[in-house]
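Peer 1: structure for the following, please:
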Amino acid sequence: MSRRKWTAEEKMNIVLKGMAPGANISEVCRNHGIAQTLYYRWREAFLQAGLSGLSAGPSTREQQLEKELEEAKKLLGDQAMQIEILRKKTNWGRK
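Peer 2: The predicted structure is shown next:
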């Protein structure tokens with residue numbers, strides 16, 4: 001007997017049915033042919049993912065500025081390497 005593969009959307013719908021006011025978890029699980037332990041694992045994962053979605057993360061503007069800063073650092077590093085190569089080729093700055 002092979003196990004059923006549930007999509008993320010199906011899992012979410014089952015979890016939401018179980019979280020509805022007055023819902024009976026045993027009945028929800030029986031209707032969908034899943035064990036209660038599986039339901040509770042899905043519910044915990046669903047709630048944890050929701051928690052991370054609600055936590056304050058960097059804004060889009062902050063992400064954009066971070067990207068620009070990384071690009072500027074890379075450009076500065078490239079220029080420093082080019083200057084060093086030119087110094088070695090021309091013996092510039094040496095006495």
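Peer 1: where do the helices sit along this protein?
Peer 2: 8-19, 25-32, 36-54, 60-90 (DSSP state H).
Peer 1: columns mean pLDDT and mean neighbour count on top of those helices, output as JSON lines?
Peer 2: For glycine as for every other residue, the C-beta is placed from the backbone atoms N, C-alpha and C. What follows is the helices of the chain, written out as JSON lines (pLDDT from 0 to 100; neighbours: other CB atoms under 10 Å):
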{"stretch": "helix 8-19", "mean pLDDT": "94", "mean neighbour count": "15"}
{"stretch": "helix 25-32", "mean pLDDT": "97", "mean neighbour count": "14"}
{"stretch": "helix 36-54", "mean pLDDT": "87", "mean neighbour count": "12"}
{"stretch": "helix 60-90", "mean pLDDT": "89", "mean neighbour count": "10"}
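Peer 1: quick one: contacts of stretch 21-30?
Peer 2: Ile14, Lys17, Gly18, Ala35, Gln36, Leu38, Tyr39 (CB atoms under 8 Å, 6 or more residues apart in numbering).
Peer 1: what's the most distant pair in these?
Peer 2: Largest separation among those by CB to CB: Lys17 and Ala35, giving 15.5 Å.
Peer 1: any idea how this protein splits into domains?
Peer 2: 8-54, 57-95 (automatic domain parsing).
Peer 1: from Leu86, how far off is Leu76?
Peer 2: Distance, Leu76 to Leu86, by CB to CB, to the nearest Å: 16 Å.
Peer 1: got it, and Glu70?
Peer 2: Computed with CB to CB, the distance linking Glu70 and Leu86 is 25 Å.
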